[in-house]
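Chemist: Dropping the sequence and predicted coords here.
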Amino acid sequence: MLCILAASLFLGGDSLADFSLALLLGILVGTYSSNLTAAPFLLELERRYPAPPPRPKRTQVDRDAQPDRGAVV
């Protein structure tokens, strides 16, 4: 998309070049403003609502080592 807009900026006519410049600047500014807006927002959310501590891991029971407590078949 950016390559097409850059090509139409340099190779297009006067009206097409103005339009492609506006689109190109809009894409670039929109991308950077989204990143610069989202990062502080996520940091603030993380500060207000910290992640819960991790739960302790369960130990697996070795069923072969314990005597069989079920019904005898």
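Modeler: Yep, it's here.

Chemist: buried residues in the helix or strand where Thr37 lies?
Modeler: Thr37 is part of helix 14-48 when elements are defined by DSSP states H and E. Buried residues in helix 14-48, defined by neighbour count with 16 or more other Cβ atoms under 10 Å: Ser20, Leu23, Leu24. For glycine as for every other residue, the C-beta is placed from the backbone atoms N, C-alpha and C.

Chemist: between those, which is nearest Ala6?
Modeler: Leu24 (6.8 Å; Cβ to Cβ).

Chemist: For the closest one, which non-adjacent residue is closest in space?
Modeler: Excluding the flanking residues, the one nearest Leu24 by Cβ to Cβ, 6 or more residues apart in numbering is Leu5, at 4.6 Å.

Chemist: From Thr37, how far off is the one you found?
Modeler: 23 Å (Cβ to Cβ, to the nearest Å).

Chemist: do Ala22 as well
Modeler: Taking Cβ to Cβ, one finds Ala22 at 21 Å from Thr37.

Chemist: before we move on, what about Ile4?
Modeler: 27 Å.

Chemist: Same check on Ala17?
Modeler: 30 Å.

Chemist: what does Leu21 give?
Modeler: Distance from Leu21 to Thr37, by Cβ to Cβ: 24 Å.
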